[in-house]
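Enquirer: take this sequence and fold it.
(chains A and B)
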Amino acid sequence: MKVRAGMMRWWCKMSDPILEFNNVDIEYQTRGDNAVHAVNDATFTIDEHDYFGLVGESGCGKSTIADAIVGGLDDNGEISSGTIRYKGTEIQNYSESQFNKEIRWKEISVIPQSSMNSLDPVMKLSQQAVEIAKYHTDLSKAEAIDRLRELFDVVGLSESRIHDYPHQFSGGMQQRAIIAFSLFLQPSLIIADEPTTALDVIMQDQILDHINSLKEEWEISMLMITHDISVVFENCDTMAVMHGGQIAEAGNVVDLFDRPRHPYAILLQNAFPDVRYPDRELAVIEGHPPQLREKPDFCTFADRCPWSIAECYEGAPDPQSVEGDEDHQAWCIRANEMDELAADHLTKPAEGRSILEDIQ
Amino acid sequence: MSSDVPVLELRGLEKYFNTSSGLLDTVKNRITRKSPTFVQAVDGVNMQLWENQVQGVIGESGCGKTTLLRTLIGLYKPTNGQLLFHGDPVSEFTKEEWKEFRRHVQIVFQDPFNSLDPKFSVRRTVAEPLEIHGIAYDIGQIKEMLESVGLTPAEKYLGRFPNQLSGGEKQRVAIARGLITKPDVILADEPASMLDVSTQAEILNLLNKLTDEFGVSMVYISHDLSTVSYICDKINVMYLGRVVEEAPTKQLLTEPKHPYTQALIQSIPIPDPHYERERAAVGGEPGDPINMPAGCRFKNRCPERMDVCDQTPMDVALSDDTNRTVACHLYYDHSTEKTEQAQ
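Expert: Now for the predicted structure:
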């Protein structure tokens, strides 16, 4: 009995996962019997009320993952193996109508990459809200417009502008409108694909501030896809780094920052300019990820990795738990040696050297 | 070349665009006696670029950075003000002098995917400026240039076409094309912004190395303060067509004076989960650049708004430092200014 009580407490402490990827492979069929293996053996978990950041360079498969979750893969794309669980239910084989009825907007909504192109240019925003309501709820027209009005207030847009056309909005305002739409049916999970990439820094900061405030007020989980590692470090709780269709490292943001164990995650952090240390030399990652014509049975970073060895090419790497951290895994066979191998890259600049210290 | 004259100098440069688009608008304006409306894209910019200096221009999109760059290379004729090259005003250049000017001032564009001719091999792309300017060259020179921008071994790249190059390699070719005529000035329009982080670092390191090696001056335009700080000695902050602050990089970052600069710096995300950043207190968006109101252009977003902000602020040098100026009413004493005007 005692043991079970202990177990119970342990279970309660952990929040339930809202989205689980288990060894997911995603392929795109191309002409001539070839396939592009865009995502391979992707495994990660997003817990309820967590903000999860997915980072990687263009073409690494991060947007494919987002599309797969809401059944939005292109016609030639398919999930060839593995399971995607949403709140415990497998959704990878859902049909279009099942996605429409059970998942899209109500449970999972998407903030797409380019806000400028994702609003219908010939429809007023209020009409677009009515359309969502018509297909996904039994709200009346007036109720739908009332709800949009409330949501405009939430994202900091003037309520008087709900009858405007998208072109009357600036880029930042369109992005806010999209966020308002994504909240329309009170989803539990929002997928934000590069939500601020096209925006200026000040606007980016305001939008991220709004996205952050949703967490408490709306009890939302988020999958934030970006190439900007600093946005993830500031706004997310957990994260994964992807390279060449494989997950390289996943865990808590603080653990990943303090103890990165995959060479790509280590170098990526040092390649990122930090305004606090303008004199620091930026790390360079040579080469590019391989073409994924076949399912890679090797580490896709091996060619670019300064520490790769012959074994890196013998089989895709299995995840290694990082000692001392909870749920922190690196898909690198040398993860446990990285401490010594990458010692030069792992020393952080001393806090005192930051040139921003004196501001105000 | 005497070094007491700046390589490039802007004096009160203004570039306005007429917004009335066609005949109908023009006729209508005539009849209704309405004066045409202008976009004040660049409004009174002063800037001096010295030999071996790397200057940054930062600001939000639509603040006039690209217009400034195009005016600098002579693509736009300034509405008012002067552009001087080694002390000579370019407005009086003859056709030959313009050609000479264009040899000495080269540009690297934002988008390497569209700025290279897809039908030109790397060899031809890099050799083209030399041919246009009638400069004798041999293949060794081109190879040497390719190696110095990090495309090694050069033989491997000579025969390649842009579609066989990655984004970072394309941008290196564009940089090689810019440097081959041995210019005095390179104008770079966000050359790293379209690239992935790892490649971006490559290009930034390369530009840093090359400006030292070739002794060229550079104007680097970007909206991203954290990349600019890696490259530039001095930064000009632009807001709606005006330079609101200029200062050496470190000073600008450590003690920004203009409220807009402060907001910009506070808005940069820091890649460190331990770091607690205070978000900037600035709301809203830059206004409409058409028919701007008088006074400071930042006044409607400014947390330090005062009554006096309805007057256009002067560029003032800070008393403790001759190296920097700021255009903000907070930093000068208005009683003395008024007496000066009265005299």
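Enquirer: read off the pLDDT value for the residue nearest the centre of chain B.
Expert: In chain B, the centroid-proximal residue (C-alpha atoms, centre = their mean) is B:I221; its distance is 3.8 Å. B:I221 is assigned 92 on the pLDDT scale.
Enquirer: equivalent analysis for the one 10 residues further on, please.
Expert: Turning to B:I231, the model gives it a pLDDT of 89.
Enquirer: surely it meets B:N208?
Expert: Yes - distance between B:I231 and B:N208: 6.0 Å, which falls inside the contact criterion (C-beta atoms under 8 Å). Placement of C-beta: from N, CA and C, glycine included.
Enquirer: the helix ranked longest in chain A - contacts with which helices or strands?
Expert: Longest helix of chain A, by residue count under DSSP state H: helix A:201-218. For helix A:201-218, the contact count by 3 or more C-beta pairs under 8 Å, 6 or more residues apart in numbering or on different chains; DSSP states H and E identifies helix A:171-182, strand A:221-226, helix A:229-235, helix B:259-267 as packing neighbours.
Enquirer: quick check: residues of the stretch 251-360 of chain A near chain B?
Expert: Within the stretch 251-360 of chain A, the residues that sit near chain B (C-beta under 8 Å from any C-beta of the partner chain) are A:253-254, A:257, A:267-269, A:271-276, A:278, A:281-285, A:288, A:355-356, A:358-359.
Enquirer: ChimeraX command to pick out the buried ones of those residues?
Expert: The command below creates a ChimeraX selection of those among those that count as buried (16 or more other C-beta atoms under 10 Å in any protein chain shown):
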select /A:253,254,257,267,268,269,271,272,273,274,275,276,278,282,283,284,285,288,355,356
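Enquirer: out of the helices and strands packed on helix A:201-218, which is closest to B:C63?
Expert: Of all these, it is helix B:259-267 that lies closest to B:C63, at 10.0 Å by C-beta to C-beta.
Enquirer: list the buried residues in the closest one.
Expert: Neighbour-count burial for helix B:259-267, counted by 16+ other C-beta under 10 Å, picks out B:259-267.
Enquirer: tell me where the stretch 101-250 of chain B has strands.
Expert: Secondary structure of the stretch 101-250 of chain B (DSSP state E, counting those that start in this stretch): strands at B:105-108, B:185-189, B:217-222, B:234-239, B:242-248.
Enquirer: adding distance to B:G159 as columns, could you present the ones you listed in CSV?
Expert: Compiled in CSV, the strands of the stretch 101-250 of chain B are given as follows (distance: least, C-beta to C-beta, whole Å):
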stretch, distance to B:G159
strand B:105-108, 23
strand B:185-189, 26
strand B:217-222, 30
strand B:234-239, 40
strand B:242-248, 44
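Enquirer: dump the ones you listed to a markdown table, plus distance to chain A.
Expert: Below are those laid out as a markdown table (distance: least, C-beta to the nearest C-beta, whole Å):
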| stretch | distance to chain A |
| --- | --- |
| strand B:105-108 | 18 |
| strand B:185-189 | 16 |
| strand B:217-222 | 11 |
| strand B:234-239 | 11 |
| strand B:242-248 | 11 |
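Enquirer: out of these, nearest to A:T64?
Expert: Go through these one by one with C-beta to C-beta and the one that ends up closest to A:T64 is strand B:217-222, at 30.0 Å.
Enquirer: what packs against the closest one?
Expert: Counting contacts by 3+ C-beta pairs under 8 Å, 6+ apart, strand B:217-222 packs against strand B:54-58, helix B:65-72, strand B:185-189, helix B:197-214, helix B:225-231.
Enquirer: now stretch B:79-88 - C-alpha only, CSV.
Expert: As requested, C-alpha coordinates have been extracted for stretch B:79-88 and formatted as CSV (Å, rounded to 0.1, in the frame of the first residue of the first chain):
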residue,chain,number,x,y,z
THR,B,79,14.9,65.4,-53.3
ASN,B,80,17.1,67.7,-51.2
GLY,B,81,20.5,67.6,-49.6
GLN,B,82,23.8,66.4,-50.8
LEU,B,83,25.7,63.2,-51.2
LEU,B,84,29.5,63.6,-51.3
PHE,B,85,32.0,61.0,-52.4
HIS,B,86,35.5,61.8,-51.2
GLY,B,87,34.3,65.4,-50.8
ASP,B,88,32.9,65.8,-54.3
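Enquirer: can you name the residues in contact with it?
Expert: By C-beta atoms under 8 Å, 6 or more residues apart in numbering or on different chains, the surrounding residues in contact with stretch B:79-88 are B:1, B:5-16, B:44-45, B:71-72, B:74, B:89-91, B:101, B:104-105, B:184.
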